[in-house]
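Asker: this is a predicted model, with the sequence first.
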Amino acid sequence: VVNDGSRAEVETAYQIRVVLDRRHPTPAAQTMWDSGKVASDQQYGIAYGGKPLQPTSAYSWEVRTWDREGKRSPWSTPKRFVTGFFAASDWDAGCRWIQYPEKDPANGAAAPIFRKTFSTSKPVRSAYLYISGLGQFVASLNGRRIGNHVVDPAWTDYQKTVDYVTFDVSSQLREGNNALGVMLGNGWLTGRDRMRLRNFGPMRLRAELHIDYVDGSSRNVVTDPSWKASRGPYTSVEVHGEDTYDARLVQPGWNTVHFDDSAWVSAADSSAISGTMVSQNAPPVTIHKVFSAVKITNPAPNVYVYDFGQNMNGAYQIIVKGLAGALVQMLPGEALSHARVAPSNTHGSSYILKGGGPETWRLTFSTIGFRYLEIRNVTRGAAPSDLPRLLDAKAFFTYTASQQTGQFDSSDDRYNNIHMLALNTVRSELVSIHQDGPNYEKLGWQEVAWTMFPSSIYEFDMPPLSPPIPRDIRDNQRASGMVATLVTNWFRSASYT
C-alpha cells in the first residue's frame, strides 16, 4: 500500500483511518476509526480498533507511515472493503437454499441453471451480491458474467463450513428490469464412485443481492422458490476435469431480462446444508496467463495434440465448427506416450456441437494439470468433412490471486530456470487449498502446506492464504482429538485422514 524505494528503509510508525464508503462524501462524524500515530514497525495483523462495523456495509481505509528519519508519507490511495454477515440472523429471513426439483425427471442428469428477474425503480447507490453455489458456481447479471473468479467457492468440508463470495455489482445493475442467472457445477459435492468420495447431496444455491438506493432506502433480492430453474448444457460435471457439454441444450439469452422462461420449473427449497456459512477469506482463483500452442502434431487420424510448452494447472479451450450433434473429445495430460497424451487421473471432457458458426467452449467448473491437450474426432484441414473442423485451442494458467511479493534473479540462467520451474509448481498447487498436485488427487495433504508454506512466503503474500488452513484442520479433526493428515477429507472412509 505504501512503497518506499530507498534501501534498508524501516517503518517507525503508522496511522490507519477507516471511514464509510469513500465513493460518496461523508462527514467526519462517520469516521469509524482513526488509530492516530502509532510507534511501531508492525505491518501485518493490526486489529481494527474503531466503532463497531455493520454487516453488509461498505467502508474505505487508508494508511500512512513514518520512516527511520521520522519523515511522514502521504496517505495511501484509499482501499475499499465491504462487510459480510456477522451472524446467521444477518441474512434476509426469506433467503433459502434452492435446488432443481427432485421430482423433475431431469434432476441429477445435468448441472442446473437458475434465473430471477427483478426491477429497480430509482437510482442505485451500491449493490453487493453475496452468493454460494455448491459445489461450484458461475453467476451473471443481465447476461454478463459477474467477476473473474474460477471455481468459486473455496473447497471446504460442507458439513462444517460453507464459503460465500461477495461481488460488487453496482455497475452492472440497471434502473428498470434486471436478471440474475446462476449455473452450478458439481465440484467435490457428489463424488465419483471409483474414488469412494462423500456425497453432500444435490447441487444447490443460496444468494442475497443487497441494493442500497441513493435516497437511503434498500432492498434484498434473495433465493427462494420464486426463482426459475432448468436443465443446463452441462450433462456431466466432475472436479477432475471430466465434463460433458451439449451445446444443443444451450438456451440463448437465458440469463437476460427478455428471455421467456415459461417452460422452466420453479426452484425447490433445498434442505439447509449443515455447514456454517462464512465469507470466503482467501484470495480467489483467477486466470493469470493464456498460452497458445507451440507445437501441433497429428499422431493418428482425426487426432491432434496441442503442446502449450508449459506444464500448468488450468483450463483449456477449443474453437470448433461443424454439424450439430458431432462429438469432440479432449484429453489433457502432463506427458506423452508414443506421441499421444499419456493416461492420468482424468478421462477428459466431451463437447457436442450445436452446429452453425464457430463454437467456443472452455473448461469451466474445474481445473486440471496439463501441458498437452489431445483433441479427437476433428480435422484441421479446409476440405469438406463430416468431422468438426478444429479452428484453435488455448490453455489458461490458473491459480490463487495472492499477490507475488518476492522475486529472484541471477546472472546464471540455469538458476533462473530452476527458480521459475519451482515457482510454477507452487502456483499450480495454490488452488483454494494447498493441493498435492493439480492432476492426480487434488487433495489437501497437510505435509504439503507444512513443507511448502515457509518457502512460499518468499514469493507470495501468504497471510491472506493462512486463515482457512487452521479452520479446515479444526473442521476435519476427529472426535478423539486426532488431527487429520488430509484436509479436507472428501472420502467416505475415515482411514484417509
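Answerer: Okay, I see it.
Asker: and the longest helix for this structure?
Answerer: As assigned by DSSP state H, the longest helix anywhere in the chain is helix 413-429.
Asker: strands of the stretch 101-250 of the chain, start to end?
Answerer: 112-120, 124-134, 136-141, 144-145, 161-168, 176-185, 204-213, 218-222, 228-231, 234-236, 244-246 (DSSP state E, counting those that start in this stretch).
Asker: can you list the strands that the first one pairs with?
Answerer: As defined by DSSP bridges, the strand partners of strand 112-120 come to strand 176-185 (antiparallel), strand 228-231 (antiparallel).
Asker: pLDDT of that strand, averaged?
Answerer: Mean pLDDT, strand 112-120: 96.
Asker: what comes up buried for it?
Answerer: 112, 113, 114, 115, 116, 117, 120 (16 or more other CB atoms under 10 Å). C-beta: built from backbone N, CA, C; applies to glycine.
Asker: wait, the third one sits on residue 229?
Answerer: Looking back up the chat, that one is residue 114. Yes - taking CB atoms under 8 Å as the definition, residue 114 is a contact partner of residue 229 at 5.2 Å.
Asker: now do the shared contacts for those two.
Answerer: By CB atoms under 8 Å, 6 or more residues apart in numbering, residue 114 and residue 229 have these common neighbours: 98, 267.
Asker: neighbours of residue 230, how many?
Answerer: Counted by other CB atoms under 10 Å, the residues lying close to residue 230 total 20.
Asker: which residue sits closest to it in space, ignoring its chain neighbours?
Answerer: Closest residue to residue 230 apart from its sequence neighbours, by CB to CB, 6 or more residues apart in numbering: residue 264 at 4.5 Å.
Asker: let me see the contact set for the one you found.
Answerer: 115, 228, 229, 230.
Asker: show the pLDDT at it.
Answerer: Reading off the model, residue 264 has pLDDT 96.
Asker: same check on residue 236?
Answerer: 87.
Asker: state the distance from it to residue 111.
Answerer: From residue 236 across to residue 111, the span is 8 Å (CB to CB, to the nearest Å).
Asker: ditto for residue 330
Answerer: From residue 330 to residue 111 the distance is 18 Å (CB to CB).
Asker: centre of the chain to the biggest strand by length in the chain, how far?
Answerer: Ranked by residue count and defined by DSSP state E, the top strand of the chain is strand 303-321. In terms of CA atoms, centre = their mean, to the nearest Å, the centre of strand 303-321 is set 21 Å apart from its chain centre.
Asker: what's the next helix or strand after that strand packed up against?
Answerer: The element immediately downstream of strand 303-321 (helix or strand, assigned by DSSP states H and E) is strand 327-333. Secondary-structure packing of strand 327-333 (3 or more CB pairs under 8 Å, 6 or more residues apart in numbering; DSSP states H and E): strand 303-321, strand 340-341, strand 349-352, strand 368-376.
Asker: buried residues, the longest one. List them.
Answerer: The one in question is strand 303-321. Across strand 303-321, burial judged by 16+ other CB under 10 Å covers 303-308, 311-318, 320-321.
Asker: please give me every residue in contact with residue 439.
Answerer: 334, 344, 345, 346, 368, 369, 370 are the contacts of residue 439 under CB under 8 Å, 6+ apart.
Asker: switch to 10 Å and redo it
Answerer: By CB atoms under 10 Å, 6 or more residues apart in numbering, the contact list for residue 439 reads 240-241, 311, 313, 332-334, 344-346, 367-370, 428.
Asker: list just the nearest of those residues to residue 127.
Answerer: The closest of the contacts of residue 439 to residue 127 turns out to be residue 367 (CB to CB; 29.4 Å).
Asker: can I assume residue 236 is in contact with residue 348?
Answerer: No - using CB atoms under 10 Å, residue 236 is not in contact with residue 348, being 11.7 Å away.
Asker: shared neighbours, those two?
Answerer: Residues touching both residue 236 and residue 348 by CB under 10 Å, 6+ apart: 242, 243, 244.
Asker: leaving out chain neighbours, which residue sits closest to the second one?
Answerer: Looking back up the chat, that one is residue 243. Closest to residue 243 by CB to CB, 6+ apart is residue 349, at 4.5 Å.
Asker: the one you found and residue 318: what is the separation?
Answerer: Separation of residue 349 from residue 318 (CB to CB): 9 Å.
Asker: tell me, what's touching the two both at once?
Answerer: Contact criterion CB under 10 Å, 6+ apart; residues bridging residue 349 and residue 318 by contacting each: 328, 330, 361, 363, 373.
Asker: what residues are up against the first one?
Answerer: This points to residue 328. Contact analysis of residue 328 by CB under 10 Å, 6+ apart lists 245, 318, 320, 322, 349-353, 359, 361, 375-378, 387-388, 390.
Asker: show me what it is bridged to.
Answerer: residue 351.
Asker: same check on the third one?
Answerer: Judged by DSSP bridges, the bridge partners of residue 361 are residue 318.
Asker: what's the local residue count around it?
Answerer: Considering only other CB under 10 Å, residue 361 is surrounded by 20 other residues.
Asker: who's in contact with it?
Answerer: Contact analysis of residue 361 by CB under 10 Å, 6+ apart lists 233, 243, 245, 247, 316-320, 328, 330, 349, 351-353.
Asker: and if we set it to 7 Å?
Answerer: 245, 317, 318, 351 (CB atoms under 7 Å, 6 or more residues apart in numbering).
Asker: from residue 217, how far out is it?
Answerer: 43 Å.
Asker: neighbour count winner among residue 236 and residue 111?
Answerer: Counted by other CB under 10 Å, residue 236 and residue 111 do not tie: residue 111 has more neighbours, with 25 against 15.
Asker: what pairs with the lowest-mean-pLDDT helix or strand in the chain, parallel or antiparallel?
Answerer: Least confident helix or strand of the chain, by mean pLDDT, DSSP states H and E, is strand 433-434 with a mean of 77. Strands that pair with strand 433-434, judged by DSSP bridges, come out as strand 430-431 (antiparallel).
Asker: which residues touch the strand it pairs with?
Answerer: 285, 313, 367, 399, 400, 402, 438.
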